[in-house]
Structures are given as structure tokens and as C-alpha cells.
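Asker: Next one to model:
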Amino acid sequence: MNKTQRKERAEYRAMETAIQALQCVEAHEKVCIERWEELVIELKQLRETTNSHLAAWKKMSWLVAGTVFATASLHIALVLT
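Answerer: Predicted coordinates:
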């Protein structure tokens with residue numbers, strides 16, 4: 001084998017290795033895209049759940065605040081009379 005043939009063979013092997021690396025990167029990107037899509041769906045569901053819980057806690061806080069205010073008003077009225 002002469003010098004030119006060795007160089008061509010080395011270049012061919014380098015090209016084969018590069019192609020394999022690109023195929024591995026492509027497969028990895030596909031997996032990452034799938035995971036990202038799943039994550040986006042889960043985050044949207046989490047946001048909806050959090051918002052519904054927030055609404056329930058807001059109602060509860062108004063109920064507690066209203067009860068405290070009514071009780072305080074009643075005690076003040078009883079003390080003043």
C-alpha cells in the first residue's frame with residue numbers, strides 16, 4: 001500500500017467515524033425532543049392543578065378573614081354595649 005492509499009483509507013475511516021457520531025447525536029436529539037415534549041405537557045398540567053388549588057385557597061382565606069372580622073366585630077360590639 002502506498003502513501004496515497006493509506007491517506008485515502010485513513011480519510012475514509014475518519015469519515016465513517018464522523019457519520020457514526022452524527023447518527024448517535026441524531027438519536028440522542030430524538031430522545032431529548034420526546035422528553036422535552038413530555039415535560040411541557042407535565043408542566044401545563046401542573047400549572048392547571050396549581051391554579052385550581054390557588055383558587056380554592058383564596059376562597060378559604062376569604063372565609064377565614066371574614067370569620068375573624070365578624071367575630072372581632074361581634075366582640076367589640078358586645079364590649080361597647
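Asker: how about the helices in the chain?
Answerer: Under the criterion DSSP state H, the chain contains helices at 3-80.
Asker: Tell me where the model's unsure across it.
Answerer: Along the chain, no part satisfies pLDDT under 70.
Asker: looking at it, which residue ends up farthest from its center?
Answerer: What lies farthest from the middle of the chain is T81; by Cα atoms, centre = their mean that is 58.6 Å.
Asker: State the number of residues packed around E38.
Answerer: 10 (other Cβ atoms under 10 Å). Backbone N, C-alpha and C define where each C-beta goes, glycine included.
Asker: give the contact list for it.
Answerer: Listed by Cβ atoms under 8 Å, 6 or more residues apart in numbering, E38 has no contact partners.
Asker: ok, it to A27 distance?
Answerer: Between E38 and A27 the distance is 17 Å, computed by Cβ to Cβ, to the nearest Å.
Asker: R47 now?
Answerer: In terms of Cβ to Cβ, R47 sits 31 Å off from A27.
Asker: swap in E37?
Answerer: Computed as Cβ to Cβ, the E37 to A27 distance reads 16 Å.
Asker: repeat for L63
Answerer: 55 Å.
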